[in-house]
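Student: With the sequence up front, the predicted model follows.
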Amino acid sequence: MEEYEVISIPISDGTERDFAIMDTFEFEGQGYLAVSLIEGDEIQEGVYIYRYHNAEDGDVIVEKITTPAEYKKVCKVYEQI
């Protein structure tokens, strides 16, 4: 089984879930993460895209993409990678 870096991301109900980072990429000067949900020890099918940037202290700041137009454009770019 391939090893992936794991990141905890807050979800809509206020809890945090673990996701495997499947890929990172840039589009129009912004960084994006492609992640898949981890249930138990298994990586689930499906990919979610989040915006990210590095904070000055070295932490990674993950942000939900809130506009449908941006999400659609970014998904299209990811599909072409």
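Tutor: Good, I have the coordinates.
Student: And the strands in this protein?
Tutor: 6-10, 16-27, 30-39, 42-43, 48-54, 60-63 (DSSP state E).
Student: Can you name every helix or strand that the longest one contacts?
Tutor: When you say that, I think you mean strand 16-27. For strand 16-27, the packing partners by 3 or more CB pairs under 8 Å, 6 or more residues apart in numbering; DSSP states H and E come out as strand 6-10, strand 30-39, helix 68-80. (Glycine included, C-beta is placed from N, CA and C.)
Student: would CSV of these with mean pLDDT be doable?
Tutor: Shown next, in CSV, are these (pLDDT from 0 to 100):
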stretch, mean pLDDT
strand 6-10, 92
strand 30-39, 96
helix 68-80, 95
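Student: Out of these, indicate the one that is most buried.
Tutor: Among these, strand 30-39 has the highest mean neighbour count (mean count of other CB atoms under 10 Å), at a mean of 18.
Student: List the strands paired with that strand, with their directions.
Tutor: Partner strands and pairing direction for strand 30-39 (DSSP bridges) are strand 16-27 (antiparallel), strand 42-43 (antiparallel), strand 48-54 (antiparallel).
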